[in-house]
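Asks: requesting a structural model of the entry that follows:
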Amino acid sequence: MIVACVLLTGFLLWASDRITLQGERTIFTVDCKRGEWINEGCTGTFVPGARYAFRASALRQEVLYWTRGTQSPFGKLSNCQVKDRDNWMCTVPTGPDSTMTEAMVNGQPTNGCADLPTPLHRVSKWRWWALSFRAAVFGAG
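Replies: Next comes the predicted model:
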C-alpha cells in the first residue's frame, strides 16, 4: 500500500511538471488542426504541439534551449542571471548598440523568449501527453 501511494504521488508530481529528472523546464503546446484560433479557443481539434525545453544553469549563468523531438540544434543564452529553472533573465544583443531581455518568470516564458512563437498555446504536461496518446491510438483528429 505504501509503495502504491509513493508511486501515485511520484506520478502526480511528474504529471504536474513540479519535478523532472533532468531539472529542466518544458513548455508544452497544442496546435489547432482543421480549425483556427479564436481568442484562446480552437474551432477544430486540439493536437499535441511542440515541446520547448530550457536548461538553466545557475553555476554557469547560462540557458540552453531546444525543441524536443526534433533534429534542430540547441540555442544558448549567455549573460544571464539564473536563480533556478523557473526564474532567469538573459540580456541578448540585437544589434550593435541594442539589447533585449529574454526571461522565464515563475515558469512562464516572456513573449518571444528564445524565438518561441506568439501567441503560445500552452497546456499542462499531463494534457499534452493525453493528447499525444489519443493521437497515437486514434489518429490526430
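
Asks: only C-alpha atoms from now on, for both contacts and neighbour counts.
Replies: Will do.

Asks: just give me how far the helix or strand encompassing Cys32 sits from the chain centre.
Replies: Assigned by DSSP states H and E, Cys32 falls within strand 25-33. The chain centre lies 7 Å from the centre of strand 25-33; the measure is C-alpha atoms, centre = their mean, to the nearest Å.

Asks: I'd like the numbering to begin with 28 instead of 1 from here.
Replies: Sure thing, new numbering starts at 28, so read that last one as strand 52-60.

Asks: tell me the helix or strand right after it.
Replies: Downstream of strand 52-60, the next assigned helix or strand under DSSP H and E is strand 64-65.

Asks: now that following strand: average pLDDT?
Replies: With pLDDT averaged residue by residue, strand 64-65 scores 90.

Asks: stretch 130-142 too?
Replies: Across stretch 130-142, pLDDT averages out at 85.

Asks: buried residues, that stretch. List them.
Replies: Using 16 or more other C-alpha atoms under 10 Å as the test for burial, stretch 130-142 gives 130-131, 136, 140-141.

Asks: can you map out the strands along this protein?
Replies: Along the chain, the stretches classed as strands by DSSP state E are 52-60, 64-65, 68-69, 72-84, 89-95, 102-104, 107-111, 114-122, 125-132, 135-136, 149-150.

Asks: reformat those into JSON lines and put distance to Met28 next to each item.
Replies: Formatted as JSON lines, these follow (distance: least, C-alpha to C-alpha, whole Å):
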{"stretch": "strand 52-60", "distance to Met28": "32"}
{"stretch": "strand 64-65", "distance to Met28": "45"}
{"stretch": "strand 68-69", "distance to Met28": "42"}
{"stretch": "strand 72-84", "distance to Met28": "35"}
{"stretch": "strand 89-95", "distance to Met28": "36"}
{"stretch": "strand 102-104", "distance to Met28": "45"}
{"stretch": "strand 107-111", "distance to Met28": "35"}
{"stretch": "strand 114-122", "distance to Met28": "37"}
{"stretch": "strand 125-132", "distance to Met28": "38"}
{"stretch": "strand 135-136", "distance to Met28": "37"}
{"stretch": "strand 149-150", "distance to Met28": "32"}
